[in-house]
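K.L.:
My questions concern the predicted model and sequence given below.
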Amino acid sequence: MDIDILLALQDFRNGIGGALTDFFSKMTYFGEMNVVLIIIAILYWCVSKSYGTYLLMGWSNNRVVNGLLKVTACAYRPWIRDVRIAPEPEALRTATGYSFPSGHSMNAASLFGGGVVRKEFSRTLRIVMGVIFALIAFSRIFLGVHTPQDILVGALAGVLVMALTGRLIQWVEAHPGRDLAVMGVGIGIAVLVAVFAALKSYPQDYDAEGKLLVDGAKMANDTYKGVGWSIGFLAGWVMERRLVGFTTEIPMARRATRLVTGLLSYYALSLILLPLLKKWIPGVAGTIVTCFLQMFYITFLFPWFIKRLERPAAPER
């Protein structure tokens, strides 16, 4: 039935001449891992440190959960299951890893679903966030890269993780000294997920020409990314709490300076330094290390830098 739904959407997409394809391609963009991460980073640096922390923790948790579920289920993408499925070529670029559950849906749950479950937000804002969340998730089946169960489970799991993350943060705020315990448990879980992904067996199915349909080790790459991001968040979160303590209660001009400085430095790190590092450290280790540094920069190194940059000058004697 899931394939029938995708074929019906494909016929509709083709029948209207691709009139909605550009729209849903733009919507799916807001569910991409690195796009969601930089949006949350901007909120964390410039808008609300507490809300940004909640989103960063929830997104990191969702990446680990998504990676674990993907390498456990090992569900093939729709076009591998049925050759009649012809996804939009642009959407294939970000259709990495196994199919179940949808990573874009869980990313959207982290950014927009995370806002929906925050009762302090206005009803109108929560509805708008919910609509955007639903459109991002639906875009994945409209473009032919996921099945309905992929996005439904991804969306539900993502929102559940965000709700539990909110509870966890409240608990840490009530017990400030327990952040080290949370970090230790979180890193332990992430390491176990990485070990599980590395040691488990993967399906070995071949096509008529004897070619392996899906390389399980390659599909697990997103899982290793999630592990690196999670450990980077946990380490950076605790170190920022204990060593930096920056605030977002600052003038608008200073927020603008943080935004420009943060974006330029983040992209220099992500697009120049980390690719070089990935060449020096190949394989799984390189993936985990570079994702760790990416998140550690967001949560600790840049806050540490701006705290010193914004420090008032000492009065002249």
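P.N.:
Done, it's in.
K.L.:
can you map out the strands along the stretch 1-150 of the chain?
P.N.:
Along the stretch 1-150 of the chain, no stretch is classed among the strands by DSSP state E, counting those that start in this stretch.
K.L.:
Would you mind listing where it has pLDDT under the threshold?
P.N.:
Counting by pLDDT under 70, the stretch 1-150 of the chain shows no low-confidence range.
K.L.:
rerun at 80
P.N.:
Applying pLDDT under 80 to the stretch 1-150 of the chain picks out residues 1, 18.
K.L.:
all helices for it, in order.
P.N.:
Per DSSP state H, counting those that start in this stretch, the stretch 1-150 of the chain carries helices over the ranges 2-15, 21-29, 33-42, 49-73, 78-81, 89-92, 103-108, 114-116, 123-142, 148-174.
K.L.:
Backbone dihedrals for Val214, please?
P.N.:
phi -140, psi 130 (degrees, to the nearest 10).
K.L.:
meant to ask about Leu212
P.N.:
Dihedral angles for Leu212 - degrees, to the nearest 10 - are phi -60, psi 130.
K.L.:
How much space separates the closest residue in space to it that isn't next to it in sequence from Gly113?
P.N.:
Leaving aside its sequence neighbours, Leu212 sits nearest to Tyr206 (C-beta to C-beta, 6 or more residues apart in numbering; 5.8 Å). Bear in mind the C-beta positions are built from the backbone N, C-alpha and C, glycine included. Separation of Tyr206 from Gly113 (C-beta to C-beta, to the nearest Å): 38 Å.
K.L.:
neighbour-wise, which of the two wins?
P.N.:
Gly113 (30 against 9; other C-beta atoms under 10 Å).
K.L.:
Stretch 151-170 - what's its average pLDDT?
P.N.:
Mean per-residue pLDDT for stretch 151-170: 96.
K.L.:
Could I get the buried residue list for that stretch?
P.N.:
Buried positions in stretch 151-170, judged by neighbour count with 16 or more other C-beta atoms under 10 Å: 151-155, 157-159, 161-163, 165-166, 168-169.
K.L.:
now do stretch 288-305
P.N.:
Buried residues in stretch 288-305, counted by 16+ other C-beta under 10 Å: 288-305.
K.L.:
Ok, stretch 36-51 next?
P.N.:
36-38, 40-46, 49, 51.
K.L.:
just how off-centre is it within its chain?
P.N.:
Distance, stretch centre to chain centre, for stretch 36-51: 13 Å (C-alpha atoms, centre = their mean, to the nearest Å).
K.L.:
burial measure for Ala253, as a count.
P.N.:
Applying other C-beta under 10 Å, we find 8 residues neighbouring Ala253.
K.L.:
Show me what the mean pLDDT comes to for the helix or strand where it lies.
P.N.:
Taking DSSP states H and E as the definition, Ala253 sits inside helix 252-268. Helix 252-268 comes out with an average pLDDT of 93.
K.L.:
ok and it relative to helix 33-42, angle-wise?
P.N.:
150 degrees (axes from the mean of the first three to the mean of the last three C-alpha atoms, to 10 degrees).
K.L.:
Tell me how far Phe233 lies from Gly67.
P.N.:
As judged by C-beta to C-beta, Phe233 and Gly67 stand 14 Å apart.
K.L.:
which residues does Ser122 contact?
P.N.:
Ser122 makes contact with no residue, according to C-beta atoms under 8 Å, 6 or more residues apart in numbering.
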